[in-house]
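A.B. asks: Fold the stuff below for me.
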Amino acid sequence: MVDSVVVIPTYNEIENVERVIKNVLSLQRDFHILIVDDNSPDGTALKVKELQLEYPKRLFLIEREGKLGLGTAYICGFKWALDRSYEFIFEMDADFSHNPNDLIRLYNACVKGTSQVAVGSRYITGVNVVNWPMSRVLLSWGASRYVRFITGMDIQDTTAGFVCYKRVVLEEINLDKIKFVGYAFQIEMKFKAYLLKFKIKEVPVIFTDRTRGTSKMSKGIISEAVFGVLKMKFNSLFKRYEI
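C.D. replies: A predicted model of the protein is given here:
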């Protein structure tokens, strides 16, 4: 029985999706993959359907009506996974910024240790980022420092999107009360796990910027993170903050 599923949101990832699926499904440990596609006009979902013939019962697809945001894609995937018997639920990008080989290291951090959340961290052993301009590195590193200062979380890479959750964590977090839809979703999930006193372990990884396709980063996403974190922390001081 396979106990792990990797949730991968996609939007216009036709240049990456086949390679990332084949890489994950060729690992020595068995994983299932759930692709959550936001109606990509480039045919990403069609390619996944082709690959489902090659990987029956290992590769799954949810097609959504439009581009609804990273956070809602993950929540959709998490709920799908919780409706099944998976014990370990991963989130990972489709663009190879996250090395599929590191899935096993995140898995081991939760299985062999006492952690309920394992974060693939770019900053736990310095700055492990490849192919980013210095301005982007400073923005990301500074954002994580800012979030640590505001929230009090002892996590070096608070914005990381390469994560393994044990099932119990996602069962305890009220996924319907997640507010952020962009990259700030990653912060909110960690913050709620932190408030619920789950143990979070950072596993050092090397983050490599995409070489194919285009980034989905925008000013609106950055604004959501900067101002949303302040509101999130303020609300957490009062009973009206729902975890």
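
A.B. asks: Do a quick rundown of the helices in the chain.
C.D. replies: With DSSP state H as the definition, the chain shows helices at residue ranges 17-25, 44-54, 70-82, 102-111, 134-151, 167-172, 184-195, 219-236.

A.B. asks: for these, which one ends up most surrounded?
C.D. replies: Among the helices of the chain, judged by mean count of other CB atoms under 10 Å, the one packed with the most neighbours on average is helix 184-195 (a mean of 23). Just so you know, the C-beta spots here come from the backbone N, C-alpha and C atoms, and that holds for glycine as well.

A.B. asks: Packing partners of that one?
C.D. replies: helix 70-82, strand 117-121, helix 134-151, strand 163-166, strand 200-204, helix 219-236 (3 or more CB pairs under 8 Å, 6 or more residues apart in numbering; DSSP states H and E).

A.B. asks: ok, residues contacting the fifth one?
C.D. replies: Residues from elsewhere that reach strand 200-204 (CB atoms under 8 Å, 6 or more residues apart in numbering): 102, 105-106, 109-110, 113, 115-121, 124-125, 128, 153, 155-157, 190, 193-194.

A.B. asks: mind checking which of the helices of the chain is nearest Phe207?
C.D. replies: Proximity to Phe207, assessed across these by CB to CB, is greatest for helix 134-151 (8.9 Å).

A.B. asks: What is the distance between the closest one and the centre of its chain?
C.D. replies: 18 Å (CA atoms, centre = their mean, to the nearest Å).

A.B. asks: Quick check: mean pLDDT of it?
C.D. replies: For helix 134-151, the mean per-residue pLDDT is 88.

A.B. asks: the inter-axis angle of that helix versus strand 117-121?
C.D. replies: Compare the direction of helix 134-151 with that of strand 117-121 by axes from the mean of the first three to the mean of the last three CA atoms, to 10 degrees and you get 150 degrees.
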